[in-house]
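In: structure here, sequence nowhere to be found:
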């Protein structure tokens, strides 16, 4: 009865609204009704019932028309309901993303956090990510990522990581300027913030058209900093940093930048860590670095052979395979073979044709190509993969992580931000 009364109160007040209504008794009545709905929405059993009425449209109306306290109440209730799939559909269909613009520019922190959480929750819904992009939500998410609050940073990066998993969103993300704030967040002291930001960069690095731009924004030093400083407590971060780097260095300029900033030491450090997942990802980077003969020699100078020998003894078959590719590439970089080994890529660069960085490196004495690791985002092997005459198995390569609305990767568990959809609150307090 109390629930039905709150709904009726909201509808009645909407029907009697007059132009210019601000802080009136009726507005306060609407505010309290919205807060009541927000408290009821904390109960999972009531969520569906609330959404099945016209509550969402009533709250959106109050968000559009109300004064600051009423907007806070309406937006807090919507934030508590956003975990419901039907609510998200109604909200987006009612042009709700546009209604979030003003609260996200507001200096009121309550409005800001409710709007940001609602938008991030829409972004991680794979059925609605297109709408978030088309309706201008990307710029709002990126603005949210620039907040100084780590909670908001993680939520924003969580949304952007999910959006970046779909190849059609790569261009809008790059045009909206998503890369610089994600690079900045890789240095966050909060593990969850780092992980979501690295996941976003790793997904964007899949796309060959953007590798030089991502590098120009400062990604390579940031990724190497992660590999040089993080411990095994950050295993997921290390894997994603290596995953991003392995695709970025398919571009010749980016490979050389790794050497210029003394990144080889960081890579060899990570390759010695105990995690098979980290070893596999980092050794994949070494495969791509060793593709270029001069860099392969530098790897040998830094002690890569001892590292490869230990990796070949790994209990993980995948680690062994990656290590074998490094050994193959290094074995092809002898002085007599270097000119032959680098001639084909140089010709491709000069021609400027498609797949400049995707040529395999062969010597006249070998039928085993150097391994450059990358795939198109649809998971198909491109021309940098294994040659048809190779006796070594082709690898699947790296594709954008497909994530669902709960923020979980298809292949491994990825924690979502710890913020809850809502807590029970008093009639005059805010929401979280």
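Out: Received, thanks. If you're wondering where the values come from, they're calculated on a predicted model, not measured in any experiment. Numbers count the residues shown, from 1 in each chain.
In: on the three-state scheme, residue 112 is what?
Out: Classification of residue 112 using DSSP: H, G, I helix; E, B strand; the rest coil returns helix.
In: wait, it touches residue 104, no?
Out: Yes - counting by CB atoms under 8 Å, a contact exists between residue 112 and residue 104, whose distance comes to 6.1 Å. C-betas here are computed from N, CA, C, even on glycine.
In: following the longest helix seen in the chain in sequence, what is the next regular element?
Out: With secondary structure taken from DSSP state H, the chain has its longest helix at helix 25-41. Using DSSP states H and E, the helix or strand that directly follows helix 25-41 along the chain is helix 44-52.
In: so what touches that following helix?
Out: Contacting residues not belonging to helix 44-52 are listed as 3, 37, 40, 41, 81, 83, 84, 86, 87, 90 [CB atoms under 8 Å, 6 or more residues apart in numbering].
In: which of those residues fall within helices?
Out: Using DSSP H, these in helices are 3, 37, 40, 41, 81, 86, 87, 90.
In: could I get those residues as CSV with neighbour count, distance to residue 47 and pLDDT?
Out: Compiled in CSV, those are given as follows (neighbours: other CB atoms under 10 Å; distance: CB to CB, whole Å; pLDDT from 0 to 100):
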residue, neighbour count, distance to residue 47, pLDDT
3, 16, 12, 51
37, 29, 11, 92
40, 22, 9, 91
41, 28, 6, 91
81, 29, 6, 95
86, 13, 9, 95
87, 25, 8, 96
90, 18, 13, 95
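In: list just the nearest of those residues to residue 152.
Out: Closest approach to residue 152 among the ones in helices among the contacts of helix 44-52 (CB to CB): residue 81, at 19.8 Å.
In: from residue 156, how far out is the closest one?
Out: Summarising the geometry, the distance separating residue 81 from residue 156, computed by CB to CB, to the nearest Å, is 20 Å.
In: same question, residue 80
Out: Computed with CB to CB, the distance linking residue 80 and residue 156 is 19 Å.
In: and for residue 73?
Out: Relative to residue 156, residue 73 is positioned 24 Å away (criterion: CB to CB).
In: ok, residue 36 next?
Out: The value you get for residue 36 to residue 156, if CB to CB is used, is 30 Å.
In: cool, residue 180 as well?
Out: Using CB to CB, one obtains 13 Å as the distance from residue 180 to residue 156.
In: and the two? which has more neighbours close in?
Out: Ranked by neighbour count (other CB atoms under 10 Å), residue 180 and residue 156 place residue 156 first, with 32 against 15.
In: need the contact list for that one.
Out: With CB under 8 Å, 6+ apart as the criterion, the residues that contact residue 156 are 116, 120, 141, 142, 144, 145, 147.
In: and residue 148, which of the three is it?
Out: Residue 148 - assigned by three-state DSSP - is coil.
In: residues near it, how many?
Out: Neighbour count of residue 148, defined by other CB under 10 Å: 6.
In: contacts for stretch 107-114 next, please.
Out: Defining contact as CB under 8 Å, 6+ apart, one finds that stretch 107-114 is touched by 68, 71-72, 75-76, 78-79, 103-104, 106, 147, 149, 151-152, 430-432.
In: report the buried members of those residues.
Out: Buried subset of the contacts of stretch 107-114 (neighbour count, 16 or more other CB atoms under 10 Å): 71-72, 75-76, 78-79, 103-104, 106, 147, 151-152, 430-432.
In: where along the protein do the strands fall?
Out: Assignment of strands within the chain using DSSP state E yields no ranges at all.
In: give me the below-cutoff pLDDT ranges for it.
Out: Low-confidence segments of the chain, defined by pLDDT under 70, are located at 1-23, 334-432.
In: give me that answer again for 90
Out: Within the chain, the set of residues satisfying pLDDT under 90 comprises 1-27, 43-45, 53, 65-66, 68, 105-110, 273-274, 332-432.
In: coming back round to it: quick one, which of the contacts of residue 156 are buried?
Out: For those, burial is judged from neighbour counts taken by 16+ other CB under 10 Å, and it is met by 116, 120, 141, 142, 144, 145, 147.
In: want to throw these into CSV with distance to residue 278?
Out: Formatted as CSV, the buried ones among the contacts of residue 156 follow (distance: CB to CB, whole Å):
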residue, distance to residue 278
116, 32
120, 28
141, 29
142, 29
144, 30
145, 26
147, 30
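In: among the residues you listed, which lie within helices?
Out: Assigned to helices by DSSP H, the following of the buried ones among the contacts of residue 156 qualify: 116, 120, 141, 142, 144, 145.
In: ok, the third one to residue 272 distance?
Out: Distance from residue 141 to residue 272, counting by CB to CB: 37 Å.
In: picking that back up, how about the ones in helices among the contacts of helix 44-52 in CSV, adding distance to residue 130?
Out: Listed next are these as CSV, based on distance: CB to CB, whole Å:
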residue, distance to residue 130
3, 34
37, 29
40, 31
41, 26
81, 22
86, 18
87, 18
90, 17
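In: pretty sure residue 185 sits against residue 192.
Out: No - here residue 185 lies out of contact with residue 192, judged by CB under 8 Å, at a distance of 10.2 Å.
In: quick one: which of those two has more around it?
Out: Neighbour totals were compared for residue 185 and residue 192, and residue 185 leads with 26 against 21 (other CB under 10 Å).
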